[in-house]
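Participant: after the sequence you'll find the predicted model.
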Amino acid sequence: MSITLLAIESSCDDTGAAVFRNGQLLSNVVAGQAVHEQYGGVVPELASRAHQQHLLPVVTAALRRAGIEKTDLDAVAVTQGPGLLGSLLVGNLFAKSFALALGKPLLAVNHMRAHILAHFIREPKPAFPFLCLTVSGGHTQLVVVRSALDMEILGQTIDDAAGEAFDKTAKLLGLPYPGGPRLDKLAQTGNPRRFTFPEGALDGYNFSFSGLKTSVLYFLKKETAANPKFVEENLADLCASIQHTIVQTLLKQLKKAAQATGLRQVALAGGVAANSGLRQGLQVLAQQEGWEVFIPDFEFCTDNAAMVGQAALFQYEAGDFASQLTSPDPRLKL
């Protein structure tokens, strides 16, 4: 596709910009926000202010690394939602102003669709249709992907997302933010079957992880009352057992959906796709079930603008452009 495109991502606490030319990714720049570490989670107002500070430098760096002038651009893409309203507003206002000043079309991208279409940035790429498990800090979804613009949610979490379950249980264990990756690292040296917690696989293909958080909370209260050093002495095993519970919940529903749909190509997307336990568990299950598995490179699993740009390329080809009246939607549906 002969198009030069700038993509912008600002749905939560990562500010991203990426440049594509002729379907090839030329640059992908992300600025994180360390300010949230002292609060143990993302503070929306602080995230919005940080986006304001980071957006222009990130866009400038993406254009420079790509060797592209802003006048070379054919279109500008931005995440419309879902996400934090304030964060989305910053990115959307910048992208709309940038596109308007250049006289270029605007593309409004669904963040969850972008996570799924991150598989098409680099080889190997799945073929339509395929089944995708999208797992992030804010979402957990099982999606049948018939095409880049035709996706059906089979199941999703009814409360906490899997990434949220990792972070919240990590916080209960006293791990610093972001807790999910730290829990994953500790779990690699622990016994995943030492402690038993309830799985959150529901009827159909939905998930629930709030019960796990509550179970871990009361379990720790009971055990630390008897032994104040219980968490410290059993930390690796606790991390491994919690991770095993979350992973088994995800894989149980994924297996059920794959068997029901008959799809043999299975993809994993979202920030939690970087979790080592989930990756290993999926590979084992894939060998048992005869699946072909697709997982994007790590840099395309967490929030980034490259996935937004890839989704926008499909929309550009389909003529799916946005107007200047398009508004960010924190609860945008897939």
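Facilitator: Done, it's in. Numbering: from 1, shown residues only.
Participant: which secondary structure element contains Leu217?
Facilitator: Taking DSSP states H and E as the definition, Leu217 sits inside helix 210-226.
Participant: show me how far that helix is from its chain's centre.
Facilitator: Here the centre of helix 210-226 is set off from its chain's centre by 28 Å, with CA atoms, centre = their mean, to the nearest Å.
Participant: could we number from 25 for the rest of this?
Facilitator: Got it, the first residue is 25 from now on, which makes the last one we talked about helix 234-250.
Participant: tell me the helices and strands packed up against it.
Facilitator: Based on contacts counted as 3 or more CB pairs under 8 Å, 6 or more residues apart in numbering; DSSP states H and E, the elements that helix 234-250 packs against are helix 186-196, helix 254-285. All C-beta atoms are positioned from the backbone trio N, CA, C, and that covers glycine.
Participant: the helix or strand following the longest one to helix 254-285, inter-axis angle?
Facilitator: Downstream of helix 254-285, the next assigned helix or strand under DSSP H and E is strand 289-293. Note on geometry: by axes from the mean of the first three to the mean of the last three CA atoms, to 10 degrees, strand 289-293 and helix 254-285 are set 140 degrees apart in direction.
Participant: let's see strand 289-293 as CSV, backbone CA atoms only.
Facilitator: The C-alpha atoms that make up strand 289-293 are tabulated as CSV, following Å, rounded to 0.1, in the frame of the first residue of the first chain:
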residue,chain,number,x,y,z
GLN,A,289,-5.0,-20.7,14.3
VAL,A,290,-4.8,-19.2,17.8
ALA,A,291,-3.4,-15.8,18.6
LEU,A,292,-2.4,-14.1,21.8
ALA,A,293,-2.5,-10.3,22.2
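Participant: show me what that strand is packed against.
Facilitator: Other helices and strands packing on strand 289-293, by 3+ CB pairs under 8 Å, 6+ apart, are helix 135-141, strand 154-159, helix 300-313, strand 316-318.
Participant: mean confidence score for that strand?
Facilitator: Mean per-residue pLDDT for strand 289-293: 98.
Participant: now Thr213. Nearest residue, chain neighbours left out?
Facilitator: On the basis of CB to CB, 6 or more residues apart in numbering, the spatially nearest residue to Thr213 that is not a chain neighbour turns out to be Ala260, at 4.8 Å.
Participant: quick one: closest of the helices and strands packed on helix 234-250 to Ile177.
Facilitator: helix 254-285 (10.7 Å; CB to CB).
Participant: name the helices or strands packed onto the closest one?
Facilitator: Judged by 3+ CB pairs under 8 Å, 6+ apart, helix 254-285 is in contact with strand 154-159, strand 164-171, strand 174-180, helix 186-196, helix 203-211, helix 234-250, helix 300-313.
Participant: ok, which of those comes nearest Asn134?
Facilitator: Between Asn134 and these, the tightest spacing by CB to CB is seen for strand 174-180, at 9.1 Å.
Participant: name the strands paired with that closest one and say parallel or antiparallel.
Facilitator: Using DSSP bridges, the neighbouring strands of strand 174-180 in the sheet come out as strand 164-171 (antiparallel).
Participant: how far does the strand it pairs with sit from the chain's center?
Facilitator: Average the C-alpha atoms of strand 164-171, do the same for its chain, and the two points are 14 Å apart (CA atoms, centre = their mean).
Participant: ok, stretch 89-109 next?
Facilitator: If you compare the mean C-alpha spot of stretch 89-109 with that of the full chain, they lie 19 Å apart, counting by CA atoms, centre = their mean.
Participant: go on, stretch 350-358?
Facilitator: Here stretch 350-358 shows a centroid-to-chain-centroid distance of 16 Å under the convention CA atoms, centre = their mean.
Participant: ok, residues contacting that stretch?
Facilitator: The set of residues external to stretch 350-358 that reach it, using CB atoms under 8 Å, 6 or more residues apart in numbering, is 104-109, 112-113, 115-116, 120, 130, 132, 134-137, 165, 167, 175, 177.
Participant: in that stretch, what counts as buried?
Facilitator: Thr350, Pro352, Asp353, Leu356, Leu358 (16 or more other CB atoms under 10 Å).
Participant: end-to-end on it?
Facilitator: Across its full length, stretch 350-358 reaches 16 Å between end residues, using CA to CA, to the nearest Å.
Participant: got it, and stretch 140-153?
Facilitator: 12 Å.
Participant: residues making contact with it?
Facilitator: 49, 156, 158, 167-172, 175, 287, 289, 291, 293, 316, 318, 320-321, 324-325, 328, 330-331, 334-335, 338.
Participant: stretch 269-288 too?
Facilitator: Judged by CB under 8 Å, 6+ apart, the contacts made with stretch 269-288 from elsewhere in the structure are 153-155, 157, 159, 164, 166, 168, 178-179, 186, 189-190, 220-225, 229-231, 233, 236, 290, 299, 301-302, 305-306, 309, 313-316.
Participant: show me the beta-bridge partners of the spatially closest residue to Gln104 that is not a sequence neighbour.
Facilitator: Residue nearest to Gln104 in three dimensions, not counting chain neighbours: Ala132, with 3.9 Å by CB to CB, 6+ apart. When bridges are called by DSSP bridges, Ala132 pairs up with Val102.
Participant: any idea how far Gly224 is from Ala132?
Facilitator: From Ala132 over to Gly224 the distance is 33 Å, taken as CB to CB, to the nearest Å.
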